[in-house]
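Visitor: Let me see the structure of the following:
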Amino acid sequence: MGKIKINQGVYFIGESLPMTVMAKSDRYIICSRSLDVKEDEDLISDEVKRGAYFNKHEAYKDLKECPVYSILDLEENVKGPDSYIFGMFDYSNSDDCEEAIAELEAEEMQVSYRNRSNLNIDWERTKTN
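Guide: The predicted structure follows:
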């Protein structure tokens, strides 16, 4: 495993777009990217299915400014969203991401148990130097 740096693009297996590293500690990395209508079609469709929007176009129009993010836990080898029900942080903002890292390190917040998955960094496409 290479050394991941702030502002570096990180690719995950099965995803075509990289996420940008916004903040990190020895244990945690927070990365995010803009919502993409093709890459995030399932996410947008889920919002429609649960009744938050009438159609995909309306959902994308409303959500396009919201970042897609993931918190990587290098110790537990998992990734996922934070454990808060309502968003506390703007994961497209590096200062907010630094605050989130501090909460993770203080064990005030964690990677969601319900929505976590195995950490699957695609090292072939993720360049570390």
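Visitor: export stretch 99-106 as CSV, just CAs?
Guide: Extracted C-alpha coordinates of stretch 99-106, given in CSV (Å, rounded to 0.1, in the frame of the first residue of the first chain):
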residue,chain,number,x,y,z
GLU,A,99,-13.1,18.8,12.0
ALA,A,100,-14.6,15.4,11.0
ILE,A,101,-11.2,13.8,11.3
ALA,A,102,-10.8,15.3,14.8
GLU,A,103,-14.2,13.8,15.8
LEU,A,104,-13.2,10.4,14.4
GLU,A,105,-10.0,10.4,16.3
ALA,A,106,-11.8,11.5,19.5
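Visitor: and stretch 11-19, how far from the chain's centre?
Guide: In terms of CA atoms, centre = their mean, to the nearest Å, the centre of stretch 11-19 is set 11 Å apart from its chain centre.
Visitor: Residues contacting it, please?
Guide: 9-10, 31-33, 36, 39, 68-70, 79, 120-122, 125-126 (CB atoms under 8 Å, 6 or more residues apart in numbering). In this view, the C-beta of every residue, glycine as well, is placed from N, C-alpha and C.
Visitor: For it, output the C-alpha coordinates as CSV.
Guide: The C-alpha coordinates for stretch 11-19 follow below in CSV (Å, rounded to 0.1, in the frame of the first residue of the first chain):
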residue,chain,number,x,y,z
TYR,A,11,-9.8,5.2,-7.2
PHE,A,12,-12.0,2.4,-5.8
ILE,A,13,-12.6,-0.9,-7.6
GLY,A,14,-15.8,-0.8,-9.5
GLU,A,15,-15.9,3.0,-9.7
SER,A,16,-14.8,5.0,-12.7
LEU,A,17,-14.3,8.4,-11.1
PRO,A,18,-11.6,9.2,-8.5
MET,A,19,-12.3,10.8,-5.1
